[in-house]
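1. would you be able to build a 3D model of this:
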Amino acid sequence: MTQTAWAHLPNAKHIDWVIASVKEHPEKWGAARDAAYYAARGATFNETRNAAFDAARDAAKDAVWEAVWHAAFDAEWDSAWDSAWHAATGAILALIAHDDCAYMIESEVDEIKILAKLGDQKAILLLPACIAYNETKELA
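-> Numbering: from 1, shown residues only. Alright, predicted model coming up:
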């Protein structure tokens, strides 16, 4: 098995899952991102994503970006692709920036929606991953 550039991160297993899942189920990620975007209100979602990007700037982000880009790009190129890519990168940003948030992926969707509506940045970014996980129940 090839060592990834993010293998040293506490949430490496979950980052790997996001990349594999978006490649396998881009339509679920696209739909999950849309649901999360509206649940957390679009502006808040984008602001949170930008804040997480700043927090994750030096933590293997380039290697992760490339892996997610290729996973999403390999999926069908359609309107779902853009949403899938944004959902996956948002989830990965949260997983890089916050060591204590991976549990949210396997949580109940309604619990994470509540946290997202209350402004929890990790929940806002991981809501799409939580939705996708709950629809597929696959985690490596």
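2. now the helices for the protein?
-> Listed in chain order, the helices found in the chain under DSSP state H are 12-24, 26-39, 42-55, 61-74, 79-97, 109-117, 121-136.
3. what is the burial count for I124?
-> 30 (other C-beta atoms under 10 Å). To be clear about C-beta, it is placed using only N, CA and C from the backbone, and glycine gets the same treatment.
4. for Y133, see how far away it is.
-> 16 Å (C-beta to C-beta, to the nearest Å).
5. need the pLDDT of E111.
-> pLDDT for E111: 95.
6. count of residues packed around it?
-> Neighbour tally, E111, other C-beta under 10 Å: 12.
7. over to D110?
-> 8.
8. try the one 5 residues further on
-> Using other C-beta under 10 Å, L115 has 19 other residues around it.
9. does it touch A123 like I think?
-> Yes. Under the criterion of C-beta atoms under 8 Å, L115 makes contact with A123 at 3.5 Å.
10. dump stretch 126-140 to CSV, restricted to CA.
-> Output of stretch 126-140 as CSV, limited to C-alpha atoms (Å, rounded to 0.1, in the frame of the first residue of the first chain):
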residue,chain,number,x,y,z
LEU,A,126,-19.0,17.4,7.5
LEU,A,127,-22.7,17.3,7.0
PRO,A,128,-22.4,16.2,3.3
ALA,A,129,-20.0,13.4,4.4
CYS,A,130,-22.4,12.4,7.1
ILE,A,131,-25.3,12.2,4.6
ALA,A,132,-23.2,10.3,2.1
TYR,A,133,-22.0,7.9,4.8
ASN,A,134,-25.5,7.3,6.1
GLU,A,135,-26.7,6.5,2.5
THR,A,136,-23.9,4.1,1.8
LYS,A,137,-22.8,2.8,5.2
GLU,A,138,-19.3,2.3,3.9
LEU,A,139,-16.2,3.3,5.8
ALA,A,140,-12.9,1.7,5.1
